[in-house]
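Engineer: Build me a model:
(2 chains)
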2 protein chains.
Amino acid sequence: MQRIDSLQALRARLRPLRAAGERIALVPTMGALHVGHLSLVKEARERADRVVVSIFVNPTQFNDSTDLESYPRTLEADLQACRDAGVDFVFCPSAAEIYPDGDDTAVEVGRLSEPLCGRSRPGHFRGVATVVTKLLIAVAPQVAVFGEKDFQQLAVIRRLARDLLLDVEIVGGQTLREPDGLAMSSRNQNLDPEARAQAVVLVRALDAAEAAVAGGERRAAALLERVRAEIARAPRAEIDYAELCDPDCLEPAPERLVAPTLLALAVHMRPAAGGPGQTVRLIDNRVLPVQAQTRGDHPS
Amino acid sequence: MQRIDSLQALRARLRPLRAAGERIALVPTMGALHVGHLSLVKEARERADRVVVSIFVNPTQFNDSTDLESYPRTLEADLQACRDAGVDFVFCPSAAEIYPDGDDTAVEVGRLSEPLCGRSRPGHFRGVATVVTKLLIAVAPQVAVFGEKDFQQLAVIRRLARDLLLDVEIVGGQTLREPDGLAMSSRNQNLDPEARAQAVVLVRALDAAEAAVAGGERRAAALLERVRAEIARAPRAEIDYAELCDPDCLEPAPERLVAPTLLALAVHMRPAAGGPGQTVRLIDNRVLPVQAQTRGDHPS
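Structural biologist: Numbers count the residues shown, from 1 in each chain, chains lettered A, B, ... in the order given. Okay, here's the model as predicted:
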């Protein structure tokens, strides 16, 4: 495995491989790698001859400077994990490499960036779209893998890759979970033990909604009520949003669900009152397998 | 010469050439090719093994639908001109090819897009930046050539290519002129004979300003007064803007010029009163060769 810090060196290293017909896969990350990231690397390995992992904590996608400062950084461990996972190249650019002197260009995806995390984190997806475009252009992979945990981000990236005529297949890698069901996230390591224990309410809320759908519930309001009740069981949890949307366009679901529907959650886990900890924002999602209604189907 | 209408076919055609180490140049155009475009093709030929000319009248850069409709379209003549000029590929995509179904991604360059034509034509440079990014990604040339007549456009494109980490050299091709000095432009063919004759005031205004600078004039207001007086000699001409700017950042020049300064002009040429013609907007520019002031240099 080779660590590469400059764009020029990366291009020089990839050029002959590409000319020799090798397929290149990119797994963009912000570091603090966990087993979830490594499963994305595995997806990448299965689809390409060479795997590039980029590690870049992108400042422009943080709308909150405290969040940027507290984002975990574990570069040495990340490099070791990549080595162990059979990654070929780890690209660790500086901010100056990604945002050249005088940088003033942004990529914006419209409607898909507006709801959910776009509403909670103004400018977030503009930052994501811009940095991902730069990385896709710089690495020019045939395939790039992103986690489905960041469902909206994946939708935004699929859209921009298609719209900007990037010759790349965007692959979604499934969410990996801790034994209690908590979705793996680099931010989990910022949870204090009590918040960590309570964070399981996110997946429990998804489970509750899915169980309700399996039981015939189709009313959006009733499903969201179930979700809120589940989250309310964790005193440290505060809902940022809990929404039902069309999984393709992310527009709000109808009052009565008639097709597979995205349940998207963002929850703030607060530190202990008077404690030194920080609030950690977690997200999770599931596409609820609602069947298109057929004659004779009369859900409650 | 080969005409190619689909992105997929273009990529398939260029891939083996690129793998064989050939250099590819792109000259993006909106068609209605004139000798100015062909000089850009010549620049491209000198710098690459293969020249691609794209012909695409990009709807998103027209802020005025009448302007879009009246933009000249001369595809058969354009193809013949490309054949004669030794172009290898003419890429003529449909709008659906460049703006895929559901397209919702835009590229925006900030400060450079704001003044001059950016102020007169809201959204224009967003359209330009978006389509040029798509074309640069689709064709992936090592070099791309744009006319210096569109000075601000060239600055915007240089900025986005650098910021988006596109591995391409952006080359400016000098403005070609008609015998009377009028800058060549596809829009010139929309001028009626009288407006065509009067359109020479743009270059005369540039000449007058340059002569004044040569005579020692450094006051921005006085130079712009000279420019306005020259344009006023054409009854059909109406100034959209006449501005002095820093040629790098396009910010307004100081009251007293101390360094090379861009004089940028946009002028509406009106049709004859009661006539059937249309208003045609023309632009032109020159970097006035103001020397940095030295001791003992006391301009008026």
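Engineer: what's the closest non-adjacent residue to A:Cys245?
Structural biologist: Using CB to CB, 6 or more residues apart in numbering or on different chains and skipping the chain neighbours, the partner closest in space to A:Cys245 is A:Leu262 (4.7 Å). C-beta here means a position set from N, CA and C on the backbone, and glycine is covered the same way.
Engineer: name the helices or strands packed onto the host helix or strand of the one you found?
Structural biologist: Using DSSP states H and E, A:Leu262 falls within strand A:261-269. Judged by 3 or more CB pairs under 8 Å, 6 or more residues apart in numbering or on different chains; DSSP states H and E, the packing partners of strand A:261-269 are helix A:151-163, helix A:201-214, helix A:220-232, strand A:237-245, strand A:280-288.
Engineer: buried ones in it?
Structural biologist: Within strand A:261-269, the residues that count as buried by 16 or more other CB atoms under 10 Å in any protein chain shown are A:Thr261, A:Leu262, A:Leu263, A:Ala264, A:Leu265, A:Ala266, A:Val267, A:Met269.
Engineer: Could you tell me how far A:Ala214 is located from A:Gln174?
Structural biologist: 20 Å (CB to CB, to the nearest Å).
Engineer: go on, A:Pro235?
Structural biologist: Taking CB to CB, one finds A:Pro235 at 31 Å from A:Gln174.
Engineer: The residue of the stretch 151-300 of chain A found nearest chain B: how many residues sit nearby?
Structural biologist: Going by CB to the nearest CB, chain B is nearest to A:Asp163 of the stretch 151-300 of chain A, at 3.6 Å. By the criterion of other CB atoms under 10 Å in any protein chain shown, A:Asp163 has 24 neighbours.
Engineer: That one touches B:Asp101, doesn't it?
Structural biologist: No - with contact defined as CB atoms under 8 Å, A:Asp163 does not count as touching B:Asp101 (10.0 Å).
Engineer: list the contacts for A:Gly110?
Structural biologist: B:Asp104, B:Thr105, B:Ala106 (CB atoms under 8 Å, 6 or more residues apart in numbering or on different chains).
Engineer: Kindly state the pLDDT recorded for it?
Structural biologist: pLDDT, A:Gly110: 97.
Engineer: Just want the phi and psi numbers for it.
Structural biologist: Summarising the backbone geometry of A:Gly110 under the convention degrees, to the nearest 10, its torsions are phi -70, psi -100.
Engineer: Up against chain B, what does chain A have?
Structural biologist: Selection of chain A residues close to chain B by CB under 8 Å from any CB of the partner chain yields A:7, A:11, A:19, A:21, A:98-100, A:102-112, A:129, A:133-134, A:137-138, A:140, A:159-160, A:162-167.
Engineer: Out of these, which sit inside helices?
Structural biologist: The helices, defined by DSSP state H, take in A:7, A:11, A:19, A:98, A:129, A:133-134, A:137-138, A:159-160, A:162-163 from the residues of chain A next to chain B.
Engineer: And the contacts of the helix-or-strand element of chain A with minimal mean pLDDT?
Structural biologist: The helix or strand of chain A with the lowest confidence, counting by mean pLDDT, DSSP states H and E, is helix A:65-70 at a mean of 90. For helix A:65-70, contacts defined as CB under 8 Å, 6+ apart pick out A:Val57, A:Pro59, A:Phe62, A:Asn190, A:Gln278, A:Arg281.
Engineer: redo that, cut-off 7 Å
Structural biologist: A:Pro59, A:Phe62, A:Asn190, A:Gln278 (CB atoms under 7 Å, 6 or more residues apart in numbering or on different chains).
Engineer: got these as CSV, with pLDDT, secondary structure and neighbour count columns?
Structural biologist: Converted to CSV, the contacts of helix A:65-70 look like this (pLDDT from 0 to 100; DSSP: H, G, I helix; E, B strand; the rest coil; neighbours: other CB atoms under 10 Å in any protein chain shown):
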residue, pLDDT, secondary structure, neighbour count
A:Pro59, 93, helix, 14
A:Phe62, 94, coil, 18
A:Asn190, 94, helix, 22
A:Gln278, 89, coil, 15
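Engineer: Which of those residues lies at the shortest distance from A:Leu288?
Structural biologist: A:Asn190 (29.1 Å; CB to CB).
Engineer: Could you report the separation of the residue lying closest to that closest one once chain neighbours are set aside from A:Leu202?
Structural biologist: Among residues not flanking A:Asn190 along the chain, A:Val280 sits closest, at 4.8 Å (CB to CB, 6+ apart). Counting by CB to CB, the gap from A:Val280 to A:Leu202 is 12 Å.
Engineer: again, but for A:Ser54
Structural biologist: With CB to CB as the criterion, A:Ser54 and A:Leu202 are 27 Å apart.
Engineer: and if you look at A:Leu79?
Structural biologist: Taken as CB to CB, the span from A:Leu79 to A:Leu202 is 30 Å.
Engineer: swap in A:Cys249?
Structural biologist: On the measure of CB to CB, A:Cys249 and A:Leu202 end up 24 Å apart.
Engineer: Who has more neighbours out of those two?
Structural biologist: More crowded of A:Cys249 and A:Leu202, by other CB under 10 Å: A:Leu202, with 27 against 13.
Engineer: Tell me the spatial nearest neighbour of that one, not counting adjacent residues.
Structural biologist: Per CB to CB, 6+ apart, closest to A:Leu202 is A:Asp284, 4.3 Å.
Engineer: my read: the one you found touches A:Leu206, true?
Structural biologist: Yes - taking CB atoms under 7 Å as the definition, A:Asp284 is a contact partner of A:Leu206 at 6.2 Å.
Engineer: middle-most residue in chain A, spatially?
Structural biologist: A:Asp150 (2.4 Å; CA atoms, centre = their mean).
Engineer: and that one, what are its phi and psi?
Structural biologist: According to degrees, to the nearest 10, A:Asp150 has phi -90, psi 70.
Engineer: Quick one: residues contacting the closest residue to A:Cys117 other than its chain neighbours.
Structural biologist: Of all residues not flanking A:Cys117 in the chain, A:Gln152 sits nearest, at 5.5 Å (CB to CB, 6+ apart). When contacts are counted by CB under 7 Å, 6+ apart, A:Gln152 touches A:Leu112, A:Leu116, A:Cys117, A:Leu250.
Engineer: try A:Leu166
Structural biologist: So A:Leu166 contacts A:Leu136, B:Ile137 (CB under 7 Å, 6+ apart).
Engineer: cool, the one 3 residues further on as well?
Structural biologist: If you count contacts by CB under 7 Å, 6+ apart, A:Glu169 has them with A:Gln142, A:Val143.
Engineer: Number of residues surrounding the closest residue to A:Leu191 other than its chain neighbours?
Structural biologist: Nearest residue to A:Leu191, sequence neighbours excluded (CB to CB, 6+ apart): A:Val280, at 5.3 Å. A:Val280 is flanked by 23 other residues according to other CB under 10 Å.
Engineer: Fine by me, thanks again.
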